[in-house]
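Asks: next one to model:
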Amino acid sequence: ADFFKVRVEWLEGIDDVIYNHSSCYKRPELFFEFINSIKYDEWDFPFRVITPEKSFDRHNDGRQPFTLLFVEKIGEIGEEDICRYYLDEGWSWSHYPCRIQLKAMALLYWKKVGHPITLHTVPHEMYFKIEDSRQIPHQYLGALLSNPSVEDYIMPADNKFVSKESDELPAVLEY
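Replies: As a prediction, this is how the structure comes out:
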């Protein structure tokens, strides 16, 4: 349980909740403390976002849920990477404070590490199982590059081919 960071109760079959809940919402310093505590190299993509949405739109009043997903490679079996996963679930793109905080954290992460922040889209029913910590996300992660990617939402307007919601950049920079 400790090695894979899963709950002992899940391993023992007592319940079906795999991960303990943790969150950096309204505490971005915890995001950076955590991302600096896990091991990754220049070829890893440790910070990702998983959602049932094809893309985000701040003008859409629907919830537009997403989960911050941290992936830490802990070994290999043959050609396959073995990873441990950490989830920070319960975020909503339509909720202004969530969106601005994610964009601000993504901007600083992007500037420091330069890794793309993949936006993994999964079927609604699977997403909600993952969000409820009742499904391991491994098989739903797919490619490491996505279109759009989270960094597209923090690009300035002069990068017009990928920039999305650039009018929020002043609020992101202030945050």
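Asks: what ranges does this structure have for its strands?
Replies: Counting by DSSP state E, the chain has strands at residues 47-51, 65-77, 80-92, 119-121.
Asks: report the angle between the third one and strand 65-77.
Replies: Spelled out, it's strand 80-92. 170 degrees (axes from the mean of the first three to the mean of the last three Cα atoms, to 10 degrees).
Asks: would you agree Val162 is in contact with Met155?
Replies: Yes: Val162 lies in contact with Met155 (Cβ atoms under 8 Å); the separation is 5.5 Å. All C-beta spots, glycine's among them, are computed from the backbone N, C-alpha and C.
Asks: just the strands of the chain: most buried one?
Replies: Ranked by mean neighbour count, the strands of the chain are led by strand 47-51 with a mean of 23 (mean count of other Cβ atoms under 10 Å).
Asks: neighbouring strands of that strand in the sheet, and parallel or not?
Replies: Strand 47-51 has the following strand partners under DSSP bridges: strand 65-77 (antiparallel), strand 119-121 (parallel).
Asks: any idea which helix is longest in this structure?
Replies: The residue-count maximum for a helix in the chain (DSSP state H) belongs to helix 96-113.
Asks: more crowded one of Val162 and Met155?
Replies: Neighbours of Val162 and Met155, each counted by other Cβ atoms under 10 Å, are more numerous for Met155; the result is 20 against 13.
Asks: any idea how far Ala171 is from that one?
Replies: Remark: distance between Met155 and Ala171 (Cβ to Cβ, to the nearest Å) = 15 Å.
Asks: shouldn't Thr121 be in contact with Glu53?
Replies: Yes: here Thr121 lies in contact with Glu53, judged by Cβ under 8 Å, at a distance of 6.6 Å.
Asks: just to check, Lys73 is in contact with Ile82?
Replies: Yes: with contact defined as Cβ under 8 Å, Lys73 counts as touching Ile82 (7.2 Å).
Asks: who's the residue lying closest to Tyr86 once chain neighbours are set aside bridged to?
Replies: Excluding the flanking residues, the one nearest Tyr86 by Cβ to Cβ, 6 or more residues apart in numbering is Phe70, at 4.0 Å. Beta bridges link Phe70 to Phe47, Tyr86 when assigned by DSSP bridges.
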